[in-house]
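Trainee: Provide a 3D model corresponding to the input given below.
(chains A, B, C, D and E, ligands or ions: 4)
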Amino acid sequence: MSRVGRGQADGLTESPGADAADWRGLRIGGLTLSVRGKDGPSEILRGVDLRVPAGEVTGLAGESGSGKTMTGLAVCGLQPAGALVRGTVELRGERMLVPNVLSLRSRELNRVRGREVAMVFQDPTASLHPMISIGGQLTDHVRHHLGMSKQDAREHAVSLLERVHVPRPREALSRYPHQFSGGQLQRIAIASAIACAPSVLIADEPTTALDVTVQAGVLRLLRELCDDLGLAVLLVTHDLAVMSSVADTIAVMHDGAIVEHGDRRQVIRHPRNDYTRSLIESLPKTPPPGAGPYDEELTDAR
Amino acid sequence: SGGGSNAGGGKTLVVDNSFDLKTSDPARAFELTGSIVDHALYETALTFKGGDVTKPVPGIMSYKESSDDKTLTLTMNGKHYFSNGDPVTVDDVVFSLKRVQGIAGNPSFLLDGVTVTKKDDKTIVLTSASANPALPSILPNPSLGIVDAKALKKHGGSTTKSDSAESYLNKTSLGSGPYMLQSYNVNTKVVFAPNPHYAGPKPAYGKVVLENVAGPTQKINVQAGSSQVALDLNADQVKGLSGGKTRVIKGASPYLIYLWFNQDAAYSGGVTDKPDFLTAIRRGIDYSKILSLAGEGATQPGGLVPSQFLGSIKADATDSHDTAAAKAALARSGYAGQTVTFSYPNDITVDGIQMETFAQALQAQWKAIGINVSLSPSPIATFLDAYRGGKLQSGIMYWGPDYPDPSDYLVFNPGEDLGLRAGWKAGADPTVTAAEHKAAAALGDDRAGAYADWQRAQNASGPFVPLVQPGQYVVTSSNITSLQLNPVWTVDLAAIK
Amino acid sequence: MTSLPSSSDVELAATGTSRAGRRRHPLLRYVGIRLGISVLLLIGVTIVTFVLSNLVPADPVQAALGERAAGDPKIVAAFRAQQGLDKPVVVQYFIYLAHLLQGNLGTSTQTHNPVARDLAVAFPATAELALFVLVFSIVIGLGLGLIAALRHNRLSDQVIRVFSLVGISIPTFWLALAFFYLFFYVLGWAPGTGRLDPATTPPPTVTGMYTVDALLAGQWDTFADALAHLVLPGAVLTLYTVGLLIRFSRSGVLDVLSQDYVKAARAKGLPARAVVFRYILRGALLPILTIVGLAFGSLLSGTVLTEQVFGWGGLGQYAYKSATTLDLPAVMGVGVVVGIVYIAINFAIDVVYGFIDPRVRVQ
Amino acid sequence: MPADLEFDDVAVSYRQAGRADLRAVDGVSLALHEGEVLGLVGESGCGKSTLARAACGLEPLTGGSIRFDGEPVTRLGRGRRPQRLRRIQMVFQNPYASLNPRRRIGSQIEDGRRAVTGNAPPVAELLADVGLEPDVARRYPHEFSGGQRQRIAIARALAAMPRVLIGDEPIASLDASLQARIATLMRDIASRRGVSLLFISHDLSVVRMIADRIAVMRAGRIVELGTAEEVWAHPRDAYTRRLLAAIPIADGLGTLPGG
Amino acid sequence: MSTDAAAGPGGRRTLRAPAWKRRRRPLLPQQWRRPMAIVGIVVIVFWLVIAVLAPLVAPYDPLAQEFARLAPPSAAHWFGTDVLGRDVLSRTLYGSRISLPLSLILVLASMVIGSVVGAIAGYFGRVVDEVIMRIADLVFAFPTIILAMIVAASLGPSLLNAVIALLVVSWPSYARVMRSLVLSARGQEYVVAGRLLGAGTVRSLGRDILPNVAAPVLVLATLDFGNAILLLSGLSFLGLGAVPPTPEWGAMVSDGVQQFSSWWLAAFPGLAIFTVVVAFNFVGDALRDALDPRTAEAVSEVSV
Ligand SMILES: Nc1ncnc2c1ncn2[C@@H]1O[C@H](COP(=O)(O)OP(=O)(O)OP(=O)(O)O)[C@@H](O)[C@H]1O
Ligand SMILES: Nc1ncnc2c1ncn2[C@@H]1O[C@H](COP(=O)(O)OP(=O)(O)OP(=O)(O)O)[C@@H](O)[C@H]1O
Ligand SMILES: [Mg+2]
Ligand SMILES: [Mg+2]
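Mentor: Ligands and ions are numbered 1, 2, ... in the order given. Got it, this is the predicted structure:
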């Protein structure tokens, strides 16, 4: 838990004030995180600065172990027990303004996460409870946060499943995770994340466990949701190709810090940082396959 | 909480006993607890008065013995009634005795060679093939309790092996004793209620609970007042219990704890069948230590017959501790350090004492004179199996009287039951056998002397070493004023006041 | 390994559904298989008990008959014939099995009672103790295990762990003695041995468990008495069982805590209570259930030492007495009964598994 | 071109409790020519690994036959693998699981050398081949990164002087930055040593870089087979087309893959 | 939590590997620094020293019956004397020479037997596996102590027979753990790789599988050690184990039962049992924590 943040804790403000029009989304400033490791404390994040504006997909790339996941978790207050977090995570949504998520007490935090900040994890088979029905997992937080009745929540869940293109949504509610394919599960997980209409969605490698064809579908869905709902999406992935296709801006992380953040075209084509460059150079040099219609329109689909 | 509480009509008495109960059918029961139970439920043809077992007295019947001790005439003695109100008849007595013989249960040997005949409605005659001077002393045995023949026949009772009345008798007693069975659980407790038709004086307690409790716990129970009588405590346990809330009653136990050494070359290991070795063994025993282990009241027996019985003798000088003599004898015996295996049952106690305690003490004492002994404990069941087969090299065991007569001890002779267990075959020791025959044949006042002579012959060359006759202790709460110990039925529940 | 049904997920989903829909009563089939396995195990148990008792080198006749009677060949022969000991072993087994199916477990050589009747008294005694212990242990053990796991590596976790390890490390026979000495002998707080005060008449038998029967009969004094007698042996066994349950529920919950779905539930902003009871406990339910079943099984047979000290007159004491006196019908009876209970519990747990785990339920 | 490894109508089924058998590989006919690099692509669960395992004799065939050097590949039972078949070697997906953590690198590679008679190259040479210093032979697997481990695994496979090398998604568990490098390494070594390579991957863009020919598999069947360029540029099968369309391209243009 | 677990053979979660520097050997010296483990080790070392040096540290001969009987603890006899007038302290100290080596033998023997049987079941699978595991199930279904009692009662009491009796009931837990470990190890890629390079059954089991599954089994053994002491002393307590005058702890406690008011007879040997058992449990628990989670699971499933 944050020690520094406590001092300025003024909790969260429902409905943002006058400066609300300024910008919406998530702003991470000077985020550091250290855990007590086997040989003394080790810094996992060393001052992460990142802006995730609403209506955009912000990609967070970097090699394994660079701290991408930890950044996402820290934003939701899900850092490992005993970890020391400092810095600010400012959240500005339609309904809520939180000067620093890190300084919230757990009950306040519970009002924020799931409702304003939602998270999608890498492996959908692991992130859904195997013994609770899809309906149960889609509605419990909705009823908690929005105070919906059971019936309303179920109707809402059906519309959510429709939204993420899960076939036969009504039947799906009474089924269990093992009865779905990985891609469907990831869609369900996304549905659960957007159920309370959050303003920020953190997706931690949402497609790594999926096949390319399925991945393509999920990526499209993310893009669609971001555009339609005006979500601020933080997409964590190590795959620059994936990043290149959906992210508006790309941040590259190395050893617990952001080393480069810029427009995706600029980052991919003209990386400024050496580390980014080495990442990009290691990609297979592949022209686009012949089959797919090389669609100019799609290129700047926003 | 149970102590003397007034439950229903009368006071409740709780007696703690470490159960060896198997059945309450008198014709089948032959264990200590069974005797306590059956003595309270059933009257016998003859009986003993209090703790005196030297002279049988009339029970349901009075007796007259023929001069050759072969015929015993029993005559109905006053009126006795079963708990259901029916009078006890001669037929009931005949049926009961024949049933014991017929169903071939544990106690049927008591009437081996005895023919039971009804003479008339008042008299029966018991005839034995050979002189049977012990018969009057055998008849008070609770196993020979008189059951209601008419009622029992209705529930499968018969005088043959087809008898199936046992389970009925384990629920309902059919006796004329002071109590009748109220409830019976072979593992936990037996509860008695007074027999309304009992011919004798009404017992002091309206309800008696005989409860299965391990020895050490009995002590606590009496101290805590949750029971009034504890039957299985040893000298160490009763220390400090006299006075105050509890009272200790001491008596001599009828048990004889003895050692045996196998005479069969196949099992003797070339050691235990040497007379000199046996001498070393006897002189190597520190009886004072043994007696201190057995506790106050224990005595060193002179022979195999316990002190209460006719023909018992006192220990003499040859049975004293003398390490020098022991070592000398050992040297003569040619013993060369072989390990002698010493067996004993480790899950039973005699008057609260474990055989194990003695065994360990003896092991150490013999070690001091140079004999290596290794102890070999086993549960009584496995122990008996090997022991009865005569396969054990040596060991310690006890003998409880089947009936209070020295003839019960003739089994310790060459070729007899216990003699064989020590590998002592018939004809192995003519001197002892001669003495045995003399004792068995003796009549009347000659018997005591003949049995004493027989025991001395045993001591001189036999494989048995009488080790100790323990003391018997009963702890009662101080409000118990009268309790009589008896070697045959341990304690008369009805006589406790 | 995960092998996600793949291909374009939209397509396959349709076929997946219909396939699942067509399958008939997968649960029934599952239960059937479990039942079959249980029956096989049961037969195995009867064979083992039978073989074991026949391997016993000592002669049961000697143990059953008294000093004098065992020397009498007539009596011995009568006894052998009555017990069926004169027939070939295989025949004996089938006779045994046939009797078993009729609920006839033979007659104890020691108590002269039908073994079934002895067990009908001994089993409820132990079951009462075991259930009493189990109820307390589950409440305390699972609660503490949960707390320890949730407070992983903090002081409370360490304290609970030490407590649990101490619980499973104390020799029960010694603790039983110590408790008895202290609370009965020295302090006089607890009642003595046995299940009831000697003067108390047991309540009319319905279940054979005195507390339950007393309640059914409305005998409050008897109930209080029976309960008071349960406390000491109960406490001794509870300490051990609690230790066991803490240990396993803690590790079970820790396993679940590291699962992504717990993280996901927390990320949804659910209150801590909902996360714990809805997500964590449900996830840990199966391993915990297994442990509870095992604990009950081990309680049934693990009471031997405690029953010995407290003179409980239950299955443990009965087993001990029959084993040492080589009362073979009784030993076999105990073996079969404990085996049946163990197998039945495992079967029940398997079935419950099937009901609560959708992966089994709708495979 | 003569074929080193020939699949002829191969089928492999798995038994499933309470369900019909699963035909994981369903009538595959395929030939791996001498010195060729054949890429096998397809989605998760389509049967790629099963086919690879069958080629090593690790799965019993339910139909068809696999021939190596003209002789059938027999099932690997309890006994030791016949000398002849040890010329087929495999590199596995997970570099963390494919090396015995309790044994030194050197001795594990030695195992490979001892597997076949004949003069296998020395350990140092094998390590140099995969770009590692000779002195790493004394170390244990946990001291290496994933990429290094995969190199070691390749060296071990090469030590047995294989004629056919099968890579079952050898790059799938590596960091993106390493994938292309390891794939190229495998190709280079294979061509240098004249080994035929069956390279399995679900990443078409990498396979395309190194394979001579590409086979596309779906639900246990080969749906398309052709030269790398053909398959990449002019896929005939609809499924292949969809697969290709789904590949995201790191061009910085924001092209959403088709789904 | 490092991602190591996920990088395990199942490869269930991560498709990519974590950085190599995070990879650690399973046993960390860190685990030994926990207070519980330290206490455990100190106590075990204490008892080991006592066991080795008993003749030097014990004040008297444990068998000498030369003192006042049933004397309470005093300056001359710290732990008092027993029924036969032996020094309880000396007997308790000498007791470590009985319990520790015997439990070790029991644990080692059941570990070896169980592991071999379990490894065979896991490696060969199919019928072999079925038969072996059903037998193990049977032993589980049969009440441990009762089974041990029957064996001990029929073989006759002796420590060796008690060990044999307990061996009969204790091998299956090792077999189960070993089987499940071998079962998962069998499919490991390095095992398959070894087989492809021509390793036969023996070499594959001995080189690739067993060394890699030894750690959890050893941890189970440590955890089981306490259990073994408890069971052995329990049998002796029932008179089915140690033969007098051997100073065995369980038998000494049982002597104490006979003399309730002489509390010192039972109290001290009981404490001795407790300290050893709890020490082994402390160490075993710490060791289990040090194992990586997947294998720890296999251990925890069985050690009831
Ligand atoms: N629970 C934890 N406790 C301590 N350290 C942790 C924990 N989880 C992760 N770490 C460490 O934090 C660092 C960053 O991990 P993180 O999971 O954020 O990396 P990542 O960039 O997401 O990598 P990947 O691409 O493999 O998912 C790593 O060095 C990792 O070992
Ligand atoms: N041992 C097995 N038992 C039963 N089914 C199996 C087994 N191994 C694989 N399968 C099934 O066979 C099918 C093909 O599996 P295979 O491992 O060959 O696929 P793959 O193409 O290698 O997939 P991936 O890309 O995920 O490795 C899958 O549906 C899988 O679930
Ligand atoms: Mg990550
Ligand atoms: Mg595969």
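Trainee: can you pull out the helices in the stretch 101-250 of chain D?
Mentor: For the stretch 101-250 of chain D, helices defined by DSSP state H, counting those that start in this stretch occupy the ranges D:105-115, D:123-129, D:146-159, D:176-193, D:204-210, D:228-233, D:238-245.
Trainee: so of those, which one's packed in deepest?
Mentor: helix D:146-159 (a mean of 26; mean count of other Cβ atoms under 10 Å in any protein chain shown). All C-beta atoms are positioned from the backbone trio N, CA, C, and that covers glycine.
Trainee: ok so, going back, mind giving me a markdown table with the helices of the stretch 101-250 of chain D and columns for mean pLDDT?
Mentor: Shown next, in a markdown table, are the helices of the stretch 101-250 of chain D (pLDDT from 0 to 100):
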| stretch | mean pLDDT |
| --- | --- |
| helix D:105-115 | 88 |
| helix D:123-129 | 90 |
| helix D:146-159 | 90 |
| helix D:176-193 | 86 |
| helix D:204-210 | 87 |
| helix D:228-233 | 89 |
| helix D:238-245 | 88 |
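Trainee: Could you identify the longest helix within the chain?
Mentor: Chain wasn't specified; assuming chain A. helix A:212-229 (DSSP state H).
Trainee: let's do chain E instead
Mentor: helix E:88-124.
Trainee: Now do it, average pLDDT.
Mentor: For helix E:88-124, mean pLDDT rounds to 91.
Trainee: and it, what does it pack onto?
Mentor: helix E:35-57, helix E:126-141, helix E:159-186, helix E:210-237, helix E:249-258, helix E:264-290 (3 or more Cβ pairs under 8 Å, 6 or more residues apart in numbering or on different chains; DSSP states H and E).
Trainee: looking at these, which is buried most?
Mentor: helix E:249-258 (a mean of 26).
Trainee: State the mean pLDDT of it.
Mentor: Here helix E:249-258 scores 87 as its mean pLDDT.
Trainee: Centre of the chain to that helix, how far?
Mentor: Here the centre of helix E:249-258 is set off from its chain's centre by 22 Å, with Cα atoms, centre = their mean, to the nearest Å.
Trainee: what is the orientation angle of it with helix E:88-124?
Mentor: 130 degrees (axes from the mean of the first three to the mean of the last three Cα atoms, to 10 degrees).
Trainee: Can you tell me what sits against helix E:249-258?
Mentor: Contacts to helix E:249-258, defined as Cβ atoms under 8 Å, 6 or more residues apart in numbering or on different chains, come from residues B:214-216, B:237, B:354, C:171, C:173-174, C:177, C:309, E:82-83, E:88, E:91-92, E:95, E:98-99, E:232-239, E:241-242, E:244, E:262-270, E:272-273.
Trainee: hang on, the earlier thing: does ligand 2 sit close to the longest helix of chain A?
Mentor: No. Shown here: helix A:212-229 not in contact with ligand 2 (Cβ under 6 Å from any ligand atom), separated by at least 11.1 Å.
Trainee: Check which residues of that helix are buried.
Mentor: Across helix A:212-229, burial judged by 16 or more other Cβ atoms under 10 Å in any protein chain shown covers A:212-223, A:225-226, A:229.
Trainee: How far away from the center of its chain is that helix?
Mentor: 13 Å.
Trainee: what angle separates that helix from helix D:238-245?
Mentor: Using the same axes, to 10 degrees: helix A:212-229 against helix D:238-245 is 50 degrees.
Trainee: elements contacting helix A:212-229?
Mentor: strand A:57-62, helix A:182-193, strand A:200-204, strand A:232-236, helix A:240-246, helix C:9-22, helix D:238-245.
Trainee: so how far is chain B from the nearest residue to residue D:251 once chain neighbours are set aside?
Mentor: Counting by Cβ to Cβ, 6 or more residues apart in numbering or on different chains, residue D:251 lies nearest to residue A:244, which is 6.0 Å off, once chain neighbours are set aside. From residue A:244 across to chain B, the span is 82 Å (Cβ to the nearest Cβ, to the nearest Å).
Trainee: Reformat the helices and strands packed on helix A:212-229 into a markdown table and put distance to residue B:296 next to each item.
Mentor: Formatted as a markdown table, those follow (distance: least, Cβ to Cβ, whole Å):
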| stretch | distance to residue B:296 |
| --- | --- |
| strand A:57-62 | 90 |
| helix A:182-193 | 84 |
| strand A:200-204 | 84 |
| strand A:232-236 | 88 |
| helix A:240-246 | 95 |
| helix C:9-22 | 83 |
| helix D:238-245 | 100 |
